[in-house]
Structure formats: structure tokens, C-alpha cells
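Build me a model from this:
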Amino acid sequence: MKTPQKFQLIDGIFSPAEAQQVLGVMVKGKIDFHSLEKHSENERSGGGMEKSGSRLAYLRDLDGRLKALADEARASGKRLKVTGEIQIEFID
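Alright, predicted model coming up:
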């Protein structure tokens with residue numbers, strides 16, 4: 001693959017509950033992934049993966065901020081437009 005590939009992962013208008021569900025599932029998946037990585041590293045070497053640990057802290061904070069946004073939208077009677085693109089490329 002010579003150029004990065006882009007994929008539109010999310011593109012829509014959601015109720016606050018729908019947005020919270022869609023984004024929450026994605027963030028939870030990342031939290032689960034990094035939790036497993038950290039646990040596996042602890043089992044192998046007795047030490048935690050600092051990158052996974054800091055990523056976990058960020059993701060947990062992000063989850064809280066996304067919930068707060070959904071709550072704010074819900075309280076104001078608004079819907080949420082959510083778009084998200086991922087980019088994948090080969091590296092050496």
C-alpha cells in the first residue's frame with residue numbers, strides 16, 4: 001500500500017443516547033484492549049506497560065467527557081452530529 005487508506009467509520013446525526021452508545025462501545029473496546037495488554041505484560045515481565053497505562057487513563061477520561069457531552073445535549077434538547085475517519089498506512 002503506497003498511500004494511506006482512509007475509512008469513514010462514523011458519519012451521522014444521533015440522539016444523545018445513540019451517540020453515547022456508539023462512542024461508548026468504541027471507547028470501551030479500546031479500554032478493554034489496553035487493559036488486556038497491560039495485564040499480559042504484567043504476567044510476562046512483572047511490570048506494567050507505561051504506554052498502555054497512560055492510554056487507559058486518557059481513554060477513561062475521554063469516556064467521562066463524552067458522557068458529559070451527551071448529558072449536555074440531552075439537557076438542551078439537541079442531537080449530535082458525529083463524524084470519525086480512520087487512516088491506515090504501512091510503516092517500516
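
can you tell me the helix or strand for residue 62?
helix 50-76 (DSSP states H and E).

no wait, residue 91
Counting by DSSP H and E, residue 91 is part of no helix or strand.

Return the distance of the helix holding residue 62 from the chain's centre.
9 Å (Cα atoms, centre = their mean, to the nearest Å).

Return the set of buried residues in that helix.
52, 55, 56, 59, 63, 66, 70, 73, 74 (16 or more other Cβ atoms under 10 Å). C-betas here are computed from N, CA, C, even on glycine.

what's that helix packed up against?
helix 16-45, strand 80-88 (3 or more Cβ pairs under 8 Å, 6 or more residues apart in numbering; DSSP states H and E).

repeat that for 7 Å
On a contact count with 3 or more Cβ pairs under 7 Å, 6 or more residues apart in numbering; DSSP states H and E, helix 50-76 meets helix 16-45.

The helix it packs on - what's its average pLDDT?
In this model, helix 16-45 carries a mean pLDDT of 90.

Then stretch 72-82?
On average, stretch 72-82 scores 99.

end-to-end on that stretch?
One end of stretch 72-82 sits 15 Å from the other (Cα to Cα, to the nearest Å).

Repeat that for stretch 68-86.
24 Å.

Name the residues that touch that stretch?
6-16, 19-20, 23 (Cβ atoms under 7 Å, 6 or more residues apart in numbering).

Reformat these into CSV and put neighbour count and distance to residue 38 next to each item.
Below are these laid out as CSV (neighbours: other Cβ atoms under 10 Å; distance: Cβ to Cβ, whole Å):
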residue, neighbour count, distance to residue 38
6, 11, 30
7, 9, 27
8, 9, 31
9, 12, 25
10, 15, 27
11, 10, 32
12, 12, 33
13, 11, 36
14, 18, 31
15, 14, 34
16, 20, 31
19, 22, 28
20, 20, 26
23, 21, 22
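
The residues you listed into a markdown table, with extra columns for distance to residue 82?
A markdown table is the format used below for the contacts of stretch 68-86 (distance: Cβ to Cβ, whole Å):
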| residue | distance to residue 82 |
| --- | --- |
| 6 | 17 |
| 7 | 15 |
| 8 | 11 |
| 9 | 10 |
| 10 | 5 |
| 11 | 8 |
| 12 | 6 |
| 13 | 8 |
| 14 | 6 |
| 15 | 11 |
| 16 | 11 |
| 19 | 6 |
| 20 | 10 |
| 23 | 7 |
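
I'm done for today, thanks for sticking with me.
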